[in-house]
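Undergrad: Build the 3D model from these lines:
(one chain, ligands or ions: 2)
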Amino acid sequence: MKILVTGGAGYIGSHTVVSLLENGYEAVVADNLVNSSVKSIERVEKITGRKVKFYKADTLDREAMKHILDTENVDACIHFAGLKAVGESVQKPWEYYENNIQGTLILVDELRKHNVKNFIFSSSATVYGDPEFIPITEQCPKKACTNPYGWTKSMLEQILTDIQKADPEWNVILLRYFNPIGAHKSGLIGEDPNGIPNNLMPYITQVAVGKLKELGVFGNDYDTVDGTGVRDYIHVVDLADGHVKALDKIKEKCGLKIYNLGTGNGVSVLQLVKAFEGSTGQKVPYSIKPRRAGDIATCYASADLAEKELGWKAKYGIKEMCEDSWRWQSMNPNGYED
Ligand code: NAD
Ligand code: UFG
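TA: Ligands and ions are numbered 1, 2, ... in the order given. Next up is the predicted model:
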């Protein structure tokens, strides 16, 4: 099977392309490189010894999407392409709605015109808002999002659900990711944020490598084990493998499915810092800062449904996530830049 991977040069996309190639799939990547480098694709080729067909293309560019689908006989699409910076989305809501929603509408329209109706969508635990209950199952109600980025995910879930309902030939899987960290064992691909990282693990690794002075811990007065925020960190390679399992489900003509991709374990900010120091031997100086607007205390998954229906379960623990994040950062202190 040949899979169109939009956003395949990005962090999760590049790891998923590795998993696809290792599982006998062909991958065609479409990415406009707005938040990534084509070097990630070269590294994927190095890891796998396989060729990846790459198109520098924007999902907003209908002609480009049409050209790719006319040229490549793809069987399914895994759609990662999107803007994902929560804070930036508050400053630039129009750009986020246009890029993420309009980009998906154009892509889906061209897919259906080419009779490609198998679709896996990158959603997020952010659609649960401040979750009704913990651990979060897929039955947990969706809630108001705290930022436009989150709304794009929530709205796109609804749009894709309605499209599948109206035309049951579609097989659509909405994957709600928890917090991906880690990197491929080779240290050749990983997360390469622009500027100062917003997310916890890239911030920790940049402190450890000496690019940033200290970590700010956003609040230590939450109702959690040590007062700091609790999240469900998942190794990006496990997350990538979840997409391969989702493709198996698509082959069963599954209709609409929704799965959490998480480990089921909650880890606090300070627990992650300690685990990182313990597994890498690097010190991470930190100080306590005020809470960050929009943050919630606790967010972790019940991963039971994905295990039951996809036969997928996260294999890696926090120690490997820390070791692998650090290997990537220390081998590539400036990410994909020379
Ligand atoms: P990323 O920024 O590394 O990857 C996204 C890729 O999409 C980038 O390579 C970017 O250049 C590309 N892109 C953006 N807009 C595009 C467009 N209009 N046309 C073509 N390419 C475009 O981010 P990631 O962490 O790999 O995330 C992948 C997907 O997973 C995103 O949709 C993101 O919202 C979602 N997600 C990520 C997380 C996370 O914590 N990383 C959590 C939940 C969901
Ligand atoms: N944190 C700090 N200091 C930092 C960065 C983060 O203390 O410098 C804390 C946060 O307050 C939070 C935890 O670390 O308690 C994790 O924060 P991240 O920014 O790494 O992740 P979030 O859970 O806030 O958000 C992530 C993605 C979102 C996605 C969400 C749910 O960034 O896009 O997971 O999947 F929507």
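Undergrad: in stretch 309-316, what's buried?
TA: 310, 312-314, 316 (16 or more other Cβ atoms under 10 Å). Backbone N, C-alpha and C define where each C-beta goes, glycine included.
Undergrad: Show me which residues of the stretch 51-200 of the chain are close to ligand 2?
TA: By Cβ under 6 Å from any ligand atom, the part of the stretch 51-200 of the chain that sits against ligand 2 consists of 84, 86, 124-126, 177-179, 198-200.
Undergrad: Nearest spatial neighbour of residue 85, chain-adjacent residues omitted?
TA: Once flanking residues are discounted, residue 85 sits nearest to residue 198: 6.1 Å by Cβ to Cβ, 6 or more residues apart in numbering.
Undergrad: what helix or strand is the one you found on?
TA: Here residue 198 sits in a region with no helix or strand, counting by DSSP states H and E.
Undergrad: looking at this protein, which helix or strand does the model trust least?
TA: Scoring the helices and strands of the chain by mean pLDDT, DSSP states H and E places helix 86-91 at the bottom, with a mean of 95.
Undergrad: is ligand 1 contacted by it?
TA: No - judged by Cβ under 6 Å from any ligand atom, helix 86-91 and ligand 1 are separated, with a smallest distance of 9.5 Å.
Undergrad: C-terminal to that helix, what's the next element?
TA: Past helix 86-91, the next helix or strand by DSSP H and E is helix 93-96.
Undergrad: List the buried residues for that following helix?
TA: Residues residue 96 are the ones in helix 93-96 that count as buried (16+ other Cβ under 10 Å).
Undergrad: what about the strands in the stretch 101-250 of the chain?
TA: Counting by DSSP state E, counting those that start in this stretch, one finds strands in the stretch 101-250 of the chain at the ranges 118-124, 171-177, 179-181, 215-218, 230-231, 233-235.
Undergrad: Return the most buried member of the ones you listed.
TA: Using mean count of other Cβ atoms under 10 Å, the stretch among the strands of the stretch 101-250 of the chain with the largest mean neighbour count is strand 233-235, at a mean of 26.
Undergrad: Show me what it is in contact with.
TA: 177-182, 201, 261-263, 265, 267, 272, 314-316, 318, 320-321, 324 (Cβ atoms under 8 Å, 6 or more residues apart in numbering).
Undergrad: Name the residues that touch stretch 107-114?
TA: By Cβ under 8 Å, 6+ apart, the residues outside stretch 107-114 that reach it are 6, 59, 62, 65-66, 69-70, 74, 77, 79, 81, 117, 119, 160, 163, 167, 170.
Undergrad: Which other helices and strands does the host helix or strand of residue 63 contact?
TA: If you go by DSSP H and E, residue 63 is part of helix 62-71. When contacts are defined as 3 or more Cβ pairs under 8 Å, 6 or more residues apart in numbering; DSSP states H and E, helix 62-71 packs onto strand 26-31, helix 103-113.
Undergrad: List the residues that contact the residue nearest to residue 85.
TA: Residue 198 makes contact with 85-87 under the criterion Cβ under 8 Å, 6+ apart.
Undergrad: for residue 227, same thing?
TA: Going by Cβ under 8 Å, 6+ apart, residue 227 touches 219-221.
Undergrad: before we move on, back to that, single out the most deeply packed of the helices and strands packed on helix 62-71.
TA: Compared across the helices and strands packed on helix 62-71, strand 26-31 shows the largest average neighbour count, a mean of 25 (mean count of other Cβ under 10 Å).
Undergrad: So which elements touch it?
TA: Contact analysis of strand 26-31 by 3+ Cβ pairs under 8 Å, 6+ apart lists strand 2-6, helix 11-22, strand 53-56, helix 62-71 as its packing neighbours.
Undergrad: Dump those to CSV, plus mean pLDDT and mean neighbour count.
TA: As requested, the helices and strands packed on strand 26-31 are arranged in CSV below (pLDDT from 0 to 100; neighbours: other Cβ atoms under 10 Å):
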stretch, mean pLDDT, mean neighbour count
strand 2-6, 99, 25
helix 11-22, 98, 25
strand 53-56, 98, 17
helix 62-71, 98, 16
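Undergrad: out of the ones you listed, nearest to ligand 1?
TA: For ligand 1, the closest of the helices and strands packed on strand 26-31 is helix 11-22, at 3.6 Å, according to Cβ to the nearest ligand atom.
Undergrad: Is there proximity between that closest one and ligand 2?
TA: No - Helix 11-22 lies out of reach of ligand 2 by Cβ under 6 Å from any ligand atom, never closer than 11.1 Å.
Undergrad: How far off centre is that helix?
TA: Relative to its chain's centre, helix 11-22 lies at 11 Å (Cα atoms, centre = their mean, to the nearest Å).
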